[in-house]
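K.L.:
Starting from these lines, generate the structure:
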Amino acid sequence: MKKLIGFFCAVMLIIGTLIPFQKASAENNLEGTLEETVQVVLYSDDTKVIMSEVPKAHVLEYQSKLEDPVFRNSEIQKSVGPEEDLTDPTKLAASLSKSSISPMAVVQPPDGGTTKGYVRYMTRNDIIKIINKFDNSRDWPRLLSNPGADYVIANSPNVLAAIKVIKKIPNFVTVATTVTLWTAGDLANRQTAWWKDSAILILKKSITGVKLTVKPNTTSNYPAAYITLVRY
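P.N.:
Residues are numbered from 1 along each chain as shown. Below you'll find the model as predicted:
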């Protein structure tokens, strides 16, 4: 019996020394997979921006390839979902000069990776939540939810007052992440001014909202994903 107990204790001692080592190895492997990325703009206009998420080490190489309109058009096509139709992408790509770089962190979906891809929408209800979070001096959900013609809504005193609030918000991204499903990484794809302009357009019902699509790249080593923001 004493021999059995001694054997059991020895086994447990060995296991106790192996587990921390395996955990440390897993953590080291995970850290090794993390790679700094930047976002390269493939196409941009007033309503749409298409970006690719590229490892920093390959940015110059990727930028050089994008100078070829055929390659750029191919990358733009990869970003387009099966339900979308990008009108004359070759013409759009050829009209662009060299790609622009936005040095931002990789966009992370809820599961912590970009392998699955995801879609998010920012609607008028989200904008009202942001306004109400920053300024609780009025009942903004009630004041901004009244039905009416688009022209009347766009020029109503309540909407004009709400627009003034939006312009005063210094930390629009921070406020938005606290009251919507959007993350700081999602919102960092565009500058604060772009989001404020979008919020004003949504409030005035000039557009319905903003759609974010993150589509993983499954055909080559990089880019890791294609990111599209559309004012719709």
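K.L.:
Need the three-state assignment for Ile202.
P.N.:
helix (DSSP: H, G, I helix; E, B strand; the rest coil).
K.L.:
Confirm for me that it is in contact with Lys211.
P.N.:
No. With contact defined as C-beta atoms under 8 Å, Ile202 does not count as touching Lys211 (11.7 Å). C-betas here are computed from N, CA, C, even on glycine.
K.L.:
Which of those two has more residues huddled nearby?
P.N.:
Using other C-beta atoms under 10 Å, the more surrounded residue of Ile202 and Lys211 is Ile202, with 22 against 16.
K.L.:
thinking again about what came up before, need the residues touching each of Ile202 and Lys211.
P.N.:
Met122 (C-beta atoms under 8 Å, 6 or more residues apart in numbering).
K.L.:
could you pull out the strands for this structure?
P.N.:
With DSSP state E as the criterion, the chain has strands at 37-44, 48-55, 100-102, 118-122, 210-216, 225-231.
K.L.:
mind checking which of those strands is nearest Asn158?
P.N.:
Closest approach to Asn158 among the strands of the chain (C-beta to C-beta): strand 118-122, 20.1 Å.
K.L.:
could you check the angle strand 225-231 makes with that closest one?
P.N.:
If you take axes from the mean of the first three to the mean of the last three C-alpha atoms, to 10 degrees, strand 118-122 sits at 20 degrees to strand 225-231.
K.L.:
buried stuff in strand 118-122?
P.N.:
The neighbour-count check on strand 118-122 (16 or more other C-beta atoms under 10 Å) flags Tyr118, Arg120, Met122 as buried.
K.L.:
which residue packs closest to the second one, ignoring adjacent ones?
P.N.:
Taking C-beta to C-beta, 6 or more residues apart in numbering as the measure, Arg120 lies nearest to Leu212, with 4.5 Å between them; neighbours along the chain are not counted.
K.L.:
Ok, Val159 next?
P.N.:
Nearest residue to Val159, sequence neighbours excluded (C-beta to C-beta, 6+ apart): Leu203, at 5.6 Å.
K.L.:
Let me know how buried that neighbour is, in neighbour terms.
P.N.:
Neighbours around Leu203, by other C-beta under 10 Å: 24.
K.L.:
now do the one 10 residues further on
P.N.:
Neighbouring residues of Thr213 were enumerated by other C-beta under 10 Å; the total is 19.
K.L.:
What residues does it make contact with?
P.N.:
If you count contacts by C-beta under 8 Å, 6+ apart, Thr213 has them with Ser79, Gly81, Gly117, Tyr118, Val119, Ile227, Thr228, Val230.
K.L.:
please redo it, this time with the cut-off set to 6 Å
P.N.:
With contact taken as C-beta atoms under 6 Å, 6 or more residues apart in numbering, Thr213 is in contact with Val119, Thr228.
K.L.:
And Asn189, by the same measure?
P.N.:
Shown in contact with Asn189 (C-beta under 6 Å, 6+ apart): Leu229.
K.L.:
Now do the same for it: its pLDDT.
P.N.:
Here, the pLDDT recorded for Asn189 equals 77.
K.L.:
Just send the buried residues of strand 118-122 back as a markdown table, with pLDDT too.
P.N.:
Shown next, in a markdown table, are the buried residues of strand 118-122 (pLDDT from 0 to 100):
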| residue | pLDDT |
| --- | --- |
| Tyr118 | 88 |
| Arg120 | 91 |
| Met122 | 93 |
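K.L.:
from these, which single one is nearest Ile153?
P.N.:
Nearest member of the buried residues of strand 118-122 to Ile153, counting by C-beta to C-beta, is Met122, at 18.0 Å.
K.L.:
my guess is that closest one contacts Gly209, does it?
P.N.:
Yes. With contact defined as C-beta atoms under 6 Å, Met122 counts as touching Gly209 (5.4 Å).
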